[in-house]
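A.B. asks: output the structure for:
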Amino acid sequence: MTSSSTQSRKVLSKIAQNRLQKELAEWQLNPPPGLKHKITDNLQRWVIDVSGAPGTLYANETYQLQVDFPEHYPMEAPQVIFVPPAPLHPHIYSNGHICLDILYDSWSPAMTVNSICISILSMLSSSTSKQRPPDNDRYVKNCRNGRSPKETRWWFHDDKA
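C.D. replies: Numbering: from 1, shown residues only. Below is the predicted model of the structure:
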């Protein structure tokens, strides 16, 4: 978690707590393939193992997602990042930030942690190359002071990676 989000972190609202408990119970009953929730006592932060799908560039590779829920989830999107080392992908920065519209501009309260993770797994599975975004070094340098990816003004222009 970034230092700026540590300072602004607030306790989850009752609505957020209820929603996350429901999502967690559903996840435990029917875990999505290729995704494993690491059980902790912190409802506000989930750590999820993501296993690359067979037959893709990421087959036999496992990465970790960190999902931090804001006070007013699901009305506000969670912060989702890969815990470094992040996969080499045209939409994933080396600091773990993910350029995926549903995490920002296209967020909907109807989305769940499950649907977010499946979208990220799909993004990995459809990639045709293992490389960093062209502006990786500049972006990561600008984030050094703990900037959250939710503070970034993303430009979503490429859905082919």
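A.B. asks: buried ones in stretch 96-115?
C.D. replies: Buried residues in stretch 96-115, counted by 16 or more other Cβ atoms under 10 Å: 96-100, 102-104, 107, 111-114. (Each C-beta comes from the backbone N, C-alpha and C, glycine too.)
A.B. asks: give me the pLDDT for the most centrally placed residue in the chain.
C.D. replies: Central residue of the chain (Cα atoms, centre = their mean): residue 80, 2.8 Å from the mean position. Residue 80 is assigned a pLDDT of 96 by the prediction.
A.B. asks: do you know how far it is from residue 95?
C.D. replies: As for residue 80, its distance to residue 95 is 13 Å (criterion: Cβ to Cβ, to the nearest Å).
A.B. asks: do the same with residue 34
C.D. replies: Residue 34 is 23 Å from residue 95, by Cβ to Cβ.
A.B. asks: could you do residue 28 as well?
C.D. replies: Distance of residue 28 to residue 95, given as Cβ to Cβ: 30 Å.
A.B. asks: after the lowest-mean-pLDDT helix or strand in the chain comes which helix or strand?
C.D. replies: Here the helix or strand of the chain ranked lowest by mean pLDDT, DSSP states H and E is helix 3-8, holding a mean of 42. Proceeding N to C from helix 3-8, the next assigned helix or strand is helix 14-29, under DSSP states H and E.
A.B. asks: would you mark the buried spots in that next one?
C.D. replies: Using 16+ other Cβ under 10 Å as the test for burial, helix 14-29 gives 16, 19, 20, 23, 27.
A.B. asks: and what of stretch 137-145?
C.D. replies: The neighbour-count check on stretch 137-145 (16+ other Cβ under 10 Å) flags 139, 140, 143 as buried.
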